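S.K.: sequence and predicted structure are below.
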Amino acid sequence: MGSLVSSFFQNIRFYRSLRFRIFLIVLLIGTIPAVIMRFIMVRGYENRALSQKVSEVTNQSAIVAAHLARTDYFSDTSDPVINDELTQMSNLYDGRILVINDDFLIIKDTYGKSQGRYIVSAEVISCMNGSRNMWVTDDENRYLEITVPILDETTGVVYGALVASASTDGIHDNVEVLGRRARIVEAVIAVIVLVIAYALSMTLLKPFDKVIKAVDSVKEGFDPGTESIEVPDYTETKDIMDAFHHLMSRMKEVDDSREEFVANVSHELKTPLASMKVLSDSLIQGGDSVDAATYREFMLDIAEEVDRENKIINNLMSLVKLDGNETAKVNLEPRSLSEMLKQLIKTLTPLAEKSRVELLYEEKTDVTANIDETKLSLAIMNLIENAIKYNKEDGWVRVTLDSDLQFAVITVSDSGMGIPEESINRIYDRFYRVDKSHSREIGGTGLGLSITRNAILLHRGAIKAASIVGEGTTFTVKIPIAPGEAG
Ligand code: ADP
């Protein structure tokens, strides 16, 4: 049973294969014309031969009929000349001749069987009524039958009719011979086409086999980064391989960046641990000689490092949540951006006051947009926090809200230190900081802007930074009002 099922699936695979289809197409294109040709030729011959025979027998019958009309055969059927003529003609065509008088009585049958009987066939009737000649064929019994009137050409008086039947055996035999020969030719063509079709289906698809082999080799662990696989035969296979290489190098990039990320994470997590280790070691070594004030100071430092470690871990968690194919998990709902920003300002005002920075909010229009409030809040909060952190004393931070037809536009500007030109494209990288020691001093983790960017990209929005060193920075965030449509 199992093998039956598997062979069924193998067969399906076979029928679906391009190789099989090419084989079939070539085979059909090669053989169908031969079959059609045979049909046309044999039929053509048959029709021609038959009409030749009809006209021949008709002519002959007309001659005999004319002869009959001139004699008084109808009153005396023993005329030997005429009878001879009739017998000769019936022998010539391997058939039979009937002479019928105007009472539909058969007065002469070369077979001698039906003499004295009446014949009332449609052909005879129409001949009696003036038709020139009529013919019917009987394919089954292989003969054709011709009926001509026996009439006086000058007066038009019809004396009777002559029915001549002739065998069509010869024609049928010829058709058979011809057909047989044509079939032999056909078979030869079919064999040749079969071989060609097989060869074509095998060779034409070879490059694809190479592609499959190349892809398989990667599956087995061959690294295309070190050696490129060449499959140059067709434009199509070359394109597939190019796309494949592209995909591979992209994967490698992703792999590299993941490795780098893990290295960075470890490094970042280790730094607070290292300081805690130093602080606690010096307390241990100091032993009883350490006074309570120093103890307390060191313990505060250690607590600070623990907070920092916590913050890094929390940031990493947010980043992981916002990363990758989390698109499905964005919970979009229509929300007033004005309310969201006002809430953020309220939350961050104490921090701004502590840093002696003035936090301002300006709103041109309120905008209701489809957003995931938690995620977007986090994104804008990071921007405002940065604007406060990287500011100077008595500086300012201004948050604005505006909108055009499709987008809500939020800007966060500050009067801070600014970001150097060469760093502006890297600030969204994980763990990137323009000034590592300064960022660490003010409690940065280097993850804030990558979280922000990811959250904005999840909303199909965009973020842009403009900065002048020493004067300040402006971040502009655009969020589509209905992200599904503005995509
Ligand atoms: P961090 O936790 O260090 O603030 P971010 O990812 O939020 O990490 O920011 C990356 C770096 O970009 C910061 O270290 C800082 O050097 C720079 N930066 C971010 N925002 C500003 C700003 N408003 N003004 C000046 N520099 C900024």
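M.R.: Yes, it's here.
S.K.: what are the ranges of the helices in the stretch 1-150 of the chain?
M.R.: 2-16, 18-70, 80-92, 122-128 (DSSP state H, counting those that start in this stretch).
S.K.: confidence score at the residue in the stretch 51-200 of the chain positioned nearest to the ligand?
M.R.: The stretch 51-200 of the chain approaches the ligand most closely through residue 200 (60.5 Å), counting by CB to the nearest ligand atom. From N, CA and C alone the C-beta is placed, and that goes for glycine too. Listed pLDDT for residue 200 reads 88.
S.K.: assign a three-state SS to it, would you?
M.R.: Applying DSSP: H, G, I helix; E, B strand; the rest coil to residue 200 yields a three-state assignment of helix.
S.K.: can you tell me the closest non-neighbouring residue to it?
M.R.: residue 26 (5.5 Å; CB to CB, 6 or more residues apart in numbering).
S.K.: that neighbour: how many residues sit nearby?
M.R.: Counted with other CB atoms under 10 Å, the neighbours of residue 26 add up to 19.
S.K.: with residue 419 instead?
M.R.: By the criterion of other CB under 10 Å, residue 419 has 21 neighbours.
S.K.: so what's it closest to, chain neighbours aside?
M.R.: Using CB to CB, 6+ apart, the closest residue to residue 419 is residue 467 (4.3 Å).
S.K.: run the chain-centre distance for stretch 444-463.
M.R.: How far stretch 444-463 lies from its chain's middle: 36 Å, per CA atoms, centre = their mean, to the nearest Å.
S.K.: kindly report the same for stretch 442-453.
M.R.: Centroid separation for stretch 442-453 versus its chain: 43 Å, with CA atoms, centre = their mean.
S.K.: what are the contacting residues of it?
M.R.: With contacts defined as CB atoms under 8 Å, 6 or more residues apart in numbering, stretch 442-453 is touched by 268, 308, 311-312, 315-316, 318-319, 322, 378-380, 382-383, 385-386, 389-390, 427-433, 439, 463.
S.K.: can you get me the start-to-end distance on that stretch?
M.R.: Terminal residues of stretch 442-453 are spaced 21 Å apart (CA to CA, to the nearest Å).
S.K.: and the residue nearest to residue 419, what element?
M.R.: Using DSSP states H and E, residue 467 sits in strand 462-468.
S.K.: buried sites along the helix or strand harbouring residue 319?
M.R.: Under the criterion of DSSP H and E, residue 319 resides in helix 292-322. Applying a neighbour-count criterion of 16 or more other CB atoms under 10 Å, one finds 298, 302, 305, 308, 309, 312, 315, 316, 318, 319, 322 buried in helix 292-322.
S.K.: ok, now stretch 249-266?
M.R.: Under 16+ other CB under 10 Å, the buried positions of stretch 249-266 are 261, 264, 265.
S.K.: pull the strand holding residue 467 out as CSV, backbone CA atoms only.
M.R.: C-alpha atoms of strand 462-468 as CSV (Å, rounded to 0.1, in the frame of the first residue of the first chain):
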residue,chain,number,x,y,z
ALA,A,462,9.9,57.3,8.3
ILE,A,463,12.4,59.0,10.5
LYS,A,464,15.0,61.6,9.5
ALA,A,465,17.6,63.5,11.5
ALA,A,466,19.0,66.9,10.7
SER,A,467,21.7,68.3,12.9
ILE,A,468,24.3,71.0,13.3
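S.K.: that strand - contacts with which helices or strands?
M.R.: helix 448-458, strand 472-480 (3 or more CB pairs under 8 Å, 6 or more residues apart in numbering; DSSP states H and E).
S.K.: now the first one against helix 292-322, angle please.
M.R.: I take that to be helix 448-458. Counting by axes from the mean of the first three to the mean of the last three CA atoms, to 10 degrees, helix 448-458 lies at 20 degrees to helix 292-322.
S.K.: wait, does helix 448-458 contact the ligand?
M.R.: Yes. Looking at helix 448-458 against the ligand by CB under 6 Å from any ligand atom, the contacts come from 448, 449.
S.K.: the inter-axis angle of that helix versus strand 462-468?
M.R.: 140 degrees.
S.K.: list the buried residues of helix 448-458.
M.R.: Going by neighbour count (16+ other CB under 10 Å), the buried part of helix 448-458 is 448, 449, 450, 451, 452, 453, 454, 455, 456, 458.
S.K.: residue 250 in helix, strand or coil?
M.R.: The local conformation at residue 250, judged by three-state DSSP, is helix.
S.K.: and the gap between it and residue 257?
M.R.: 11 Å (CB to CB, to the nearest Å).
S.K.: re earlier: can the helix holding residue 319 be found next to the ligand?
M.R.: No. Helix 292-322 does not reach the ligand (CB under 6 Å from any ligand atom); its nearest approach is 7.7 Å.
S.K.: mind giving me the packing neighbours of that helix?
M.R.: By 3+ CB pairs under 8 Å, 6+ apart, helix 292-322 packs against helix 235-286, helix 448-458.
S.K.: now do the contacts for the residue in the stretch 1-150 of the chain positioned nearest to the ligand.
M.R.: Across the stretch 1-150 of the chain, the shortest distance to the ligand (CB to the nearest ligand atom) belongs to residue 18, at 51.3 Å. By CB under 8 Å, 6+ apart, residue 18 lies in contact with 205, 208.
S.K.: hmm, back to that, give the pairing partners of the strand holding residue 467; include direction for each.
M.R.: As defined by DSSP bridges, the strand partners of strand 462-468 come to strand 472-480 (antiparallel).
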